[in-house]
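# Got a predicted structure plus its sequence, pasted below:
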Amino acid sequence: MSAIALMTSIHTSYASETFSFHSSSDTSLSSLSNHQLAFVATRAQKPQTSAILEINDKAITNVKVFFNPVAEQVAVSFKLSKLSHVSIRVMDALGNEVMGLMNGELDGGVQSLSFDTNGKLAAGFYFVRVTCGSETIIKRISIR
């Protein structure tokens, strides 16, 4: 029984594959057909679609907080992939919650929400934390 190591490299600009074989014995590799070599090469490659799936699996995307600087009202818009529990909080620079804006279920799709600050926030910099499941997105805002 001989051990065969297969090294593949893919040249994306030319969309071609290069195969290099290293054998531990003098056994000839010419008995393998091109189809068999391609099958072995495909089995050796790692899936290339994992990065694309991660982007599409996000529960919350396109988070925007406006107007910045905020005067009396803050607006938050985002897109949910499905019905989800969403929490929106305003945090100070130390990470302490200074104001809870929302905590509840929202339908999938584009969401546009507005909240009054009611003068509860002193002038300065804050962070709006939007949490959906295990995903958290933080945006910086300025209160004037």
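Yep, it's here. Residues are numbered from 1 along each chain as shown.
# Spatially nearest residue to Met91 (excluding sequence neighbours)?
Nearest non-adjacent residue to Met91, counting by Cβ to Cβ, 6 or more residues apart in numbering: Phe127, 4.5 Å away. For every residue, glycine as well, the C-beta is placed using N, CA and C.
# What strand or helix carries the one you found?
In the assignment (DSSP states H and E), Phe127 maps to strand 124-132.
# List the buried residues for the helix or strand just after that strand?
Following strand 124-132 in sequence order, the next helix or strand is strand 135-143 (DSSP H and E). Residues of strand 135-143 classed as buried: 137, 139, 141, 143 (neighbour count, 16 or more other Cβ atoms under 10 Å).
# I'd guessed the third one sits against Phe127; true?
What that stands for is Ile141. Yes. Assessed by Cβ atoms under 8 Å, Ile141 is found in contact with Phe127 at 7.2 Å.
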